[in-house]
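Student: got a structure for you, letters missing:
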């Protein structure tokens, strides 16, 4: 995929503008670092973003830190604690976190101009700043607004050494002595997960996954994670089922850095019991076509998360013109204006009520979906995200309100 | 600063510039009317600018008459529909500087606060208004115009960001006496009537694409024999 291919979605004027900005960064060496090459939203964004930065003449690269099972258990614990869930991190776990980051020192490109570090897992790499110098940015993809204070203090001790930080929503951030920028994540409209599909392609996927479209389909696509509340989704479906004969699809994969997902999947299977209308699909990495088809085949898409980094599955479903019922958490209220571009819920009962309403009023569902798609076109596509990253790199050299380039 | 002067120089071809922006969190927030007033009085002008203008770009298909964030937050979160309406109805076009706009917003809140006998209610945690600063980046586009026909071509090709820069940012944030288009049309081409027509437009009541269409229509009308 080339940037030129996006002209049909965003227009020539906006595409030209991207290249105009990128000219100011030509030849800059920018290294992204995170903790997984596959699975999860961060890897997905980097997979697109890095080649596009290269196409615009920027020397962008992507490094992944390595760690053992114990390290990822600790980082999962940190992740949960930053989301306000789970217990505090022990001194031994902190030590393991720091040691693993130290062992990954070689991941850092010695010649980079900007180190762009994603999420808490590799945050301690900033300890190399004194030696390597240059600019360092910490990109926080998660909602830390109700973080466990001790865990946040631990992560914060690294973050304050960066030159700047980036958050996905204003409410996700905490006061910091460094600059904090606001950049929402995005979806790629031309990726396998979001491109237009023919009816035949959709039907083929449904047949492969043994799903018939004889009953309305309600779907939640997300990793098997307690924070996505898959059990709550089943309960909401059961409430809907009392009045509307529908089927539920819970589909998602596991991420390499999330050892908890197997346990969650087992509990979800138990909760579904032997209801033949509940389809639990554990999708392997790279099942983008399947996810695309499932979203497009759905009558209503649910995202009943308890906490969210941003909840990009919402933008994905909206881009497909689907009516979405989602929890008002994390970045979801930025994506959905209630009763205009989707419906926001706060409980299992609320989710069930709205799903029923949409299944009973397909015209209303269609209107919400159409508005939602337009909102995503303006604010949540990859090209807007790319533009803001370019500006972020430029902003590191400027403090003023209006910068003449 | 060179580009700023060049864009506004009436005796040179018109240089279409474009403006893109990045949002920066200030860490400041308001949870009730008193705090909102305090913030409006003290935050940098770039914060007032962001909260009174970002709707124009972010929800450009929802316009006309986009609300400013202060009005929206007061009405939807604090539940004060009357003050929300008062803040929404402040006509940004009436002000030539951010200072004046800030003062008007503050006066509206202050007079409402005086009417209230007790301390105002606060929003629940998580529903505070987060104050955001807008950082603008101005770049020259490849498009210039030495006559009306080239000006028309430029209008058709530039981004919404370019229109935004020459119409909104030039006037209110850079405190120029009029928008860049009207200034150049009158001074360089002697197109006084067209300049006035553009100057009289209330850009806040158009969508950005609607505004482009209107500018094109006015220019094409002038070009017709």
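Tutor: Sure, I can see it. Since this is a predicted model, take the numbers as computed values, not measurements.
Student: may I ask which helix or strand of the chain has the lowest mean pLDDT?
Tutor: Unless you meant another one, I'm taking chain A. Lowest on mean pLDDT, DSSP states H and E among the helices and strands of chain A sits helix A:332-335, with a mean of 87.
Student: neighbouring contacts of that helix?
Tutor: Residues from elsewhere that reach helix A:332-335, judged by C-beta atoms under 8 Å, 6 or more residues apart in numbering or on different chains: A:169, A:184, A:303, A:305, A:308, A:310-311, A:314-315, A:318, A:326, A:341-342, A:344, A:372, A:375-376, A:379-380. Bear in mind the C-beta positions are built from the backbone N, C-alpha and C, glycine included.
Student: swap the cut-off to 6 Å and go again
Tutor: Contact with helix A:332-335 is made by A:169, A:308, A:311, A:314-315, A:326, as judged by C-beta atoms under 6 Å, 6 or more residues apart in numbering or on different chains.
Student: any idea how far that helix is from the chain center?
Tutor: 13 Å (C-alpha atoms, centre = their mean, to the nearest Å).
Student: for stretch B:78-91, same thing?
Tutor: With C-alpha atoms, centre = their mean, you get 18 Å for stretch B:78-91.
Student: give me the contacts around that stretch.
Tutor: B:67, B:70-71, B:74-75, B:104, B:108, B:112.
Student: list the buried ones in the helix of greatest length in chain B?
Tutor: Counting residues, the longest helix found in chain B (DSSP state H) is helix B:98-115. Neighbour-count burial for helix B:98-115, counted by 16 or more other C-beta atoms under 10 Å in any protein chain shown, picks out B:98, B:101-102, B:105-106, B:108-109, B:112-113.
Student: can you lay out these as a markdown table showing pLDDT and distance to residue A:129?
Tutor: Shown next, in a markdown table, are the buried residues of helix B:98-115 (pLDDT from 0 to 100; distance: C-beta to C-beta, whole Å):
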| residue | pLDDT | distance to residue A:129 |
| --- | --- | --- |
| B:98 | 90 | 37 |
| B:101 | 93 | 41 |
| B:102 | 96 | 39 |
| B:105 | 96 | 41 |
| B:106 | 97 | 42 |
| B:108 | 96 | 47 |
| B:109 | 96 | 44 |
| B:112 | 91 | 49 |
| B:113 | 91 | 47 |
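Student: go through those residues and say which is closest to residue B:204.
Tutor: residue B:101 (11.8 Å; C-beta to C-beta).
Student: leaving out the residues flanking it, which one is nearest to the closest one?
Tutor: In space, and not counting its chain neighbours, residue B:101 is closest to residue B:95: 4.3 Å by C-beta to C-beta, 6 or more residues apart in numbering or on different chains.
Student: quick one: pLDDT of the one you found?
Tutor: Each residue has a pLDDT score; the one for residue B:95 is 84.
Student: residue B:217 - how many residues pack around it?
Tutor: Residues lying near residue B:217 (other C-beta atoms under 10 Å in any protein chain shown) number 10.
Student: and residue A:323, what are its bridge partners?
Tutor: When assigned by DSSP bridges, residue A:323 has beta-bridge partners residue A:300.
Student: that should have said residue A:249, apologies.
Tutor: Bridge pairing for residue A:249 - DSSP bridges - gives residue A:219, residue A:279.
Student: who touches it in this structure?
Tutor: Residue A:249 touches A:219, A:279, A:294, counting by C-beta under 6 Å, 6+ apart.
Student: who touches the residue in chain B positioned nearest to chain A in this structure?
Tutor: Per C-beta to the nearest C-beta, residue B:130 is where chain B lies closest to chain A, at 3.4 Å. Neighbouring residues of residue B:130 by C-beta under 6 Å, 6+ apart: A:170, B:29.
Student: quick check: it is in a helix.
Tutor: No - using DSSP: H, G, I helix; E, B strand; the rest coil, the assignment for residue B:130 is strand, not a helix.
Student: how many neighbouring residues does the residue nearest to residue A:145 when sequence neighbours are not counted have?
Tutor: The shortest distance from residue A:145 to any non-neighbouring residue, by C-beta to C-beta, 6+ apart, is to residue A:171 (5.2 Å). For residue A:171, the count of nearby residues is 21 (other C-beta under 10 Å).
Student: helix, strand or coil: sort out residue A:166 for me.
Tutor: Going by three-state DSSP: residue A:166 is strand.
Student: pretty sure it contacts residue A:183?
Tutor: Yes - assessed by C-beta atoms under 6 Å, residue A:166 is found in contact with residue A:183 at 5.2 Å.
Student: so what's residue B:9 scoring on pLDDT?
Tutor: With respect to pLDDT, residue B:9 has a value of 55.
Student: just the pLDDT for residue A:312.
Tutor: Residue A:312 is given a pLDDT of 87.
Student: then residue B:4?
Tutor: 44.
Student: of residue A:166 and residue A:183, who's got more company?
Tutor: residue A:166 (23 against 19).
Student: circling back: now for the residue nearest to residue B:101, how many residues are close by?
Tutor: 18.
Student: between the two ends of stretch A:80-87, what distance do you get?
Tutor: Taking C-alpha to C-alpha, to the nearest Å, stretch A:80-87 runs 8 Å from one end to the other.
Student: pull out the buried residues from it.
Tutor: Using 16+ other C-beta under 10 Å as the test for burial, stretch A:80-87 gives A:80-86.
Student: now, which of those residues lie within helices?
Tutor: Those of those mapping onto helices are A:80-82, per DSSP H.
Student: could the residues you listed be laid out in CSV, adding pLDDT and distance to chain B?
Tutor: As requested, these are arranged in CSV below (pLDDT from 0 to 100; distance: C-beta to the nearest C-beta, whole Å):
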residue, pLDDT, distance to chain B
A:80, 90, 19
A:81, 93, 19
A:82, 92, 16
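Student: export those to a markdown table and tack on distance to residue A:5?
Tutor: A markdown table is the format used below for these (distance: C-beta to C-beta, whole Å):
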| residue | distance to residue A:5 |
| --- | --- |
| A:80 | 39 |
| A:81 | 41 |
| A:82 | 36 |
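Student: chain B contacts on the stretch 301-405 of chain A?
Tutor: A:374, A:388, A:391, A:395, A:401-405 (C-beta under 6 Å from any C-beta of the partner chain).
Student: tell me where the chain has strands.
Tutor: Because you didn't say which chain, this covers chain A. Applying DSSP state E to chain A gives strands spanning A:29-34, A:59-64, A:114-118, A:135-139, A:164-167, A:179-182, A:217-221, A:247-252, A:278-282, A:300-303, A:323-327, A:343-345, A:402-404.
Student: wrong one, I was asking about chain B
Tutor: Assigned by DSSP E, the strands in chain B fall at B:14-30, B:129-145.
Student: excluding covalently adjacent residues, which one is nearest to the residue in the stretch 151-300 of chain A positioned nearest to chain B?
Tutor: Across the stretch 151-300 of chain A, no residue is closer to chain B than residue A:170, which sits at 3.4 Å (C-beta to the nearest C-beta). Leaving aside its chain neighbours, residue A:170 sits nearest to residue B:130 (3.4 Å; criterion: C-beta to C-beta, 6+ apart).
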